[in-house]
Each structure stands twice: as C-alpha cells, then as structure tokens.
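Engineer: How does the following fold in three dimensions:
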Amino acid sequence: MRRQFLWRSPWNPLYEPEAKTDFDIGVAAHLAVLEPERQADSIVLIEAGDYRTTKAREAREAARAAGLVPLLRTKSTSCARSRARSARTRSRLRLFAAAKPRSR
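Structural biologist: Just a heads-up that it's a prediction; the model follows:
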C-alpha cells in the first residue's frame, strides 16, 4: 500500500499527473482566483461546445502538449465568476483589515 502511495505522489520524480478535463477546470479556476496574472498566458480557450469533435480533441491535446491548460469557451464563464467572487472577497477583507478596532 505504501508503494502505491509513493508511486502516485507528486514528490516522486517519475510521477506523471493524470490529464482529465475535470482537472483542467480546477486548474483554470485556481489560476483565475489565486494567480490572475498567469491566467492569460496559461489557458487556451477552445472554440467548441464539447470535446466530441476531432478538431476539439486535437486542440485539447496540442494545448496539453505545450504545457497549457485547455478550456472550453462554455467553461470559461465559471472561472470568470470565481475570479469576480474572489476579487469581491479580497476587497472586503482589505476593508475589514483597515477598519479601526472599536474601543470598549
């Protein structure tokens, strides 16, 4: 059991992460919320409704081979909403941190 855990660990130098569409959406959301400055350079928008067409699948594989995150145009709106939500939260936290404590 330990051997399987170590084999699948990101600290294993031979580890190859599994490429899945669900992971692509998660990575895109991570970039939108936590690293917005890297988002434009790291994501490739694919102009298709889904990956059922050969052209869309080839574009996805080409993006992954280039080390980029493929994202369908329809899924990009959820990442934009996440980014807007996190920006609102950050501004609220800044206001909270800047507020003077009330004296008792």
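Engineer: tell me the mean pLDDT for stretch 24-40?
Structural biologist: Model confidence over stretch 24-40, given as mean pLDDT, is 83.
Engineer: Could you tell me which residues within it count as buried?
Structural biologist: Asp24, Ile25, Val27, Ala28, Ala29, His30, Leu31, Ala32, Val33, Gln39 (16 or more other C-beta atoms under 10 Å). Placement of C-beta: from N, CA and C, glycine included.
Engineer: Please identify which pair of these lies farthest apart.
Structural biologist: Of all pairs drawn from the buried residues of stretch 24-40, the greatest distance, 15.1 Å, lies between Asp24 and Val33 (C-beta to C-beta).
Engineer: got the residue ranges for the strands in the protein?
Structural biologist: For the chain, the strands defined by DSSP state E occupy 43-46, 69-72.
Engineer: Could you export those as TSV, including distance to Arg85?
Structural biologist: Below are these laid out as TSV (distance: least, C-beta to C-beta, whole Å):
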stretch	distance to Arg85
strand 43-46	18
strand 69-72	18
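Engineer: Let me have those in TSV, extended by distance to Arg94 and mean pLDDT.
Structural biologist: Shown next, in TSV, are the strands of the chain (distance: least, C-beta to C-beta, whole Å; pLDDT from 0 to 100):
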stretch	distance to Arg94	mean pLDDT
strand 43-46	27	89
strand 69-72	29	90
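Engineer: Dump those strands to JSON lines, plus mean neighbour count.
Structural biologist: As requested, those are exported to JSON lines (neighbours: other C-beta atoms under 10 Å):
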{"stretch": "strand 43-46", "mean neighbour count": "18"}
{"stretch": "strand 69-72", "mean neighbour count": "22"}
